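Participant: Next one to model:
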Amino acid sequence: MADTTSHLTWLALGWIAYAALHSLLASLTAKAWLTRRWPCCAPYYRLGYNVIATILLLPLVGATYAIPGEWLWRWVGLRAWLANGLALAALIGFYFSTRHYDMGEFLGTRALREKRADAIEHEGLHISPLHRHVRHPWYALGLLLIWTRDMNAPLLVSASAMTLYFLIGSRLEERKLAAHFGATYREYCKQVPGLIPLPWKWLSVAKATTLVRRAKKTAINPEHGLDS
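Facilitator: From the prediction side, this is the model:
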C-alpha cells in the first residue's frame, strides 16, 4: 500500500513537471528568447516542441498503466456502450477537426520548410465549426475521452492532472490570444463557452465570419490561431 501511494505521488509530480515545462516552452517569452539567442534554431522550434512533448508524455502514460490499482469504477452494460460511444465520437471529432487546422503550422513542418526567422506560429484567428460551440474543442474532446474510461487510482491521478492542465492551459492560451486579437477575441469568449458546450451559447457561421474578418484588420500581432 505504501509503495502504491509513493508511486501515485511520483506520478502526480511527474504530471505537474510535464505541464510546467509544456507551458513554459509554449510561452511567447520562451519563443522570443530563443529567436533572439539562437535564431538559427527558430524554424525547428515548433517541431522540436512537439517531439519533446510526445517523448516526455510516453513515460507518464506507461507509468499510469504500470502502477497496480483496484478498479474504482468500471462501465458495464448499457453504460459501457454509452461511454465507449462517447469516446468513439471524441476520436471522430479529433479526426474531422484536423480538416479545419493548418496541420503543417501546428506540427511545425511549415516553419521548417519556410526557414522562418522566428519561433512564433504564423496563423491568424480562425473559427472552425467546433470552435463555434466551444473555445477549446481539442481539450473538450480530450476530457470526454479520458473520463469515459474505466478508472483505477493511477488512471484517476492522470485524468485529474490532465483535466487541471486543460483548465489552466486554456486560460493561458486565451491570455495570449486576447493579447493578439484584443476586443475581437474577448467578444468571441463572451459568446462561446470554454470547455463544455452549452445549447444556448454558440456562434452562427455569419457571426464567426465577421469576427475572423475583424481580427485580420485589428490584430496587434496576428500570429496565433485557435489551436486547442
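Participant: wouldn't Glu70 be in contact with Pro154 here?
Facilitator: No: using Cβ atoms under 8 Å, Glu70 makes no contact with Pro154, being 10.8 Å away. For glycine as for every other residue, the C-beta is placed from the backbone atoms N, C-alpha and C.
Participant: So which of these two has more stuff around it?
Facilitator: Higher neighbour count among Glu70 and Pro154: Pro154, with 20 against 7, using other Cβ atoms under 10 Å.
Participant: pLDDT on the host helix or strand of the more buried one, on average?
Facilitator: Using DSSP states H and E, Pro154 sits within helix 153-191. Averaging pLDDT along helix 153-191 gives 91.
Participant: and that helix, how far from the chain's centre?
Facilitator: With Cα atoms, centre = their mean, to the nearest Å as the basis, helix 153-191 stands 8 Å off its chain's centre.
Participant: Stretch 34-41 now?
Facilitator: 25 Å.
Participant: Tell me which other helices or strands the helix-or-strand element of the chain with minimal mean pLDDT touches.
Facilitator: The helix or strand of the chain with the poorest confidence is helix 103-107; it has a mean of 79 (mean pLDDT, DSSP states H and E). Where contact means 3 or more Cβ pairs under 8 Å, 6 or more residues apart in numbering; DSSP states H and E, helix 103-107 is packed against helix 45-66, helix 109-114.
Participant: coming back round to it: keeping just the C-alphas, turn the next helix or strand after the helix holding Pro154 into CSV.
Facilitator: Moving toward the C-terminus from helix 153-191, the next helix or strand (DSSP H and E) is helix 205-218. What follows is helix 205-218, C-alpha atoms only, in CSV (Å, rounded to 0.1, in the frame of the first residue of the first chain):
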residue,chain,number,x,y,z
VAL,A,205,-21.5,31.0,-39.3
ALA,A,206,-22.1,34.6,-40.2
LYS,A,207,-21.0,35.9,-36.8
ALA,A,208,-17.9,33.7,-36.9
THR,A,209,-17.0,35.0,-40.3
THR,A,210,-17.5,38.6,-39.1
LEU,A,211,-15.1,38.1,-36.1
VAL,A,212,-12.5,36.5,-38.3
ARG,A,213,-12.6,39.4,-40.8
ARG,A,214,-12.4,41.9,-37.9
ALA,A,215,-9.4,40.0,-36.4
LYS,A,216,-7.5,40.4,-39.7
LYS,A,217,-7.9,44.1,-39.5
THR,A,218,-7.3,44.8,-35.8
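Participant: Now do the same for helix 205-218: mean pLDDT, whole number.
Facilitator: Helix 205-218 comes out at a mean pLDDT of 85.
Participant: Nearest to Thr148 among the helices and strands packed on helix 103-107 would be which one?
Facilitator: Closest approach to Thr148 among those is made by helix 45-66 (15.9 Å; Cβ to Cβ).
Participant: elements contacting the helix or strand following that closest one?
Facilitator: Once the chain leaves helix 45-66, the next helix or strand it forms, by DSSP H and E, is strand 71-73. The contact analysis (3+ Cβ pairs under 8 Å, 6+ apart) places strand 71-73 against strand 151-152.
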